[in-house]
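Q: Sequence unavailable; structure follows:
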């Protein structure tokens, strides 16, 4: 049996990553990785959204090199534990890792076979609209978000795949095609070839 | 608009390449490239199978560098003309090129973005069975075919994707997934990213 594929999904907020990843994971039987964090649970959040850890636990796990990647953002840790990801891959089940460009680069360093997918809204206007749609921010916060998005998009050129999220259905199909293709990479099947010969 | 993807499909005879390529091309609206050849038309063959050329025409086209790849096999020329392939890619329509490993290597040299897909029967026993199933050969011819197949399979390690043709329906799906993914490669969308920024 061949290993699953590890897919890093990045893109600016407002690109629709979460919705697409959730639907594609469900439909393609892909494991959607859950981040560990030390930040407080927000109203409405559950263990299905994050793996909530204490700072002590998180730091103990860092010391044990248990993370595929982690970062400290505004005083809170966020990270991806190796164990559930590798267990899934070993069972032949692919994994989606929704993660920012910096995190993606960390993952790629420790797992060379990771495939990087960048998701974009169909246009700058659509990005603006989607960011504005959240409606919870001041103008300054919005400008900052736009700036961050543009800076992140500039880094998409180093990714393997670009998916433009025009309609969710099409985007889910594209992500599933990339997943299926990634599972068929020759590197993933060298054992099969050896056995065949 | 982004360019189509050029997919090289190789594999031993008996792997089922032709059937799968024909069905996937139809379903995915992919252009299935037709070889040019100087060998005689066999009973039942038509212009849909090969582009039948005279030796003079073929050699004139070689001199014009009109071929993406060509070879002389047992005194007959076989080759792939650049024009229909590049026209299709430029219109955003992907192309399947069913071709042997040597031809695939030639194509890769002149078109770096070509994606190489190797198709295999599910086991050596199945390969044997499929080759025997043709029933038109002497034992010596069969042995030679088996040897060639094994030598070709050994080279599959240099390919990008491996597809095991267990059931046609699944294999068609896998080839279409690889095609769809190949169309989404970042390299194919650098213009879009530039425009977006």
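A: Everything's here; your move. Note that this is a predicted model, so its numbers are computed, not measured. Numbers count the residues shown, from 1 in each chain, chains lettered A, B, ... in the order given.
Q: Report the beta-bridge partners for the closest residue to residue A:160 other than its chain neighbours.
A: Once flanking residues are discounted, residue A:160 sits nearest to residue A:116: 4.9 Å by CB to CB, 6 or more residues apart in numbering or on different chains. Glycine gets a C-beta too; all of them are placed from N, C-alpha and C. On the basis of DSSP bridges, residue A:116 is bridged to residue A:8.
Q: Might one say that residue A:116 is in contact with residue A:108?
A: Yes. Contact criterion CB atoms under 8 Å: residue A:116 and residue A:108 qualify, at 6.8 Å.
Q: Which neighbours do the two have in common?
A: Shared contacts of residue A:116 and residue A:108 (CB atoms under 8 Å, 6 or more residues apart in numbering or on different chains): residue A:8.
Q: higher neighbour count, those two?
A: residue A:116 (23 against 17; other CB atoms under 10 Å in any protein chain shown).
Q: per-residue confidence at the more buried one?
A: pLDDT, residue A:116: 97.
Q: ok, which stretches of chain A are helices?
A: A:17-28, A:55-63, A:82-90, A:101-110, A:124-133, A:139-154, A:168-183, A:190-196 (DSSP state H).
Q: ok, which residues in chain A are in contact with chain B?
A: A:118, A:120, A:123-124, A:150, A:153-154, A:156-164, A:173-174, A:176-178, A:180-182, A:184-186, A:188-190, A:192-193, A:196-197 (CB under 8 Å from any CB of the partner chain).
Q: Kindly supply the PyMOL command isolating those of the residues you listed that are buried.
A: The PyMOL command for the buried members of the residues of chain A next to chain B (criterion: 16 or more other CB atoms under 10 Å in any protein chain shown) is given here:
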select buried, chain A and resi 118+120+124+153+156+159+160+161+162+163+164+173+174+176+177+178+180+181+182+184+185+186+188+189+192+193+196
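Q: Just the pLDDT at residue A:4, thanks.
A: 95.
Q: Can you give the distance from the lowest-mean-pLDDT helix or strand in chain A to the centre of its chain?
A: Every helix and strand of chain A was ranked by mean pLDDT, DSSP states H and E. The lowest is helix A:124-133, at a mean of 84. Per CA atoms, centre = their mean, to the nearest Å, the displacement of helix A:124-133 from the mean C-alpha position of its chain is 21 Å.
Q: go on, stretch A:36-49?
A: On CA atoms, centre = their mean, the centre of stretch A:36-49 falls 17 Å from the chain's centre.
Q: ok, residue A:189 - contacts?
A: Counted by CB under 8 Å, 6+ apart, residue A:189 has contacts A:2, B:162, B:164.
Q: what separates the second one from residue A:196, distance-wise?
A: Put plainly, it is residue B:162. Going from residue B:162 to residue A:196 by CB to CB, to the nearest Å gives 10 Å.
Q: Name the residues contacting each of these two.
A: residue B:120.
Q: Residue A:66: neighbour count?
A: Neighbour tally, residue A:66, other CB under 10 Å: 16.
Q: wait, what's in contact with it?
A: Here residue A:66 is in contact with A:81, A:82, A:83 (criterion: CB under 8 Å, 6+ apart).
Q: cool, residue A:102 as well?
A: Counted by CB under 8 Å, 6+ apart, residue A:102 has contacts residue A:71.
Q: Let me know the pLDDT of it.
A: 92.
Q: distance of it from residue A:11?
A: From residue A:102 over to residue A:11 (counting by CB to CB), the distance is 13 Å.
Q: Now do residue A:67 against residue A:119, distance only.
A: Where residue A:119 is concerned, residue A:67 sits at a distance of 24 Å (CB to CB).
Q: okay, those two: which has more neighbours?
A: residue A:119 (24 against 21).
Q: ok, the more buried one touching residue A:165?
A: Yes. The pair residue A:119 / residue A:165 is scored as a contact, 5.5 Å apart, by CB under 8 Å.
Q: what touches both of the two?
A: In contact with both residue A:119 and residue A:165: A:11, A:15, A:16, A:20, A:171, using CB under 8 Å, 6+ apart.
Q: Chain B: which of these is nearest?
A: Set against chain B, the nearest of the shared contacts of residue A:119 and residue A:165 by CB to the nearest CB is residue A:171 (10.4 Å).
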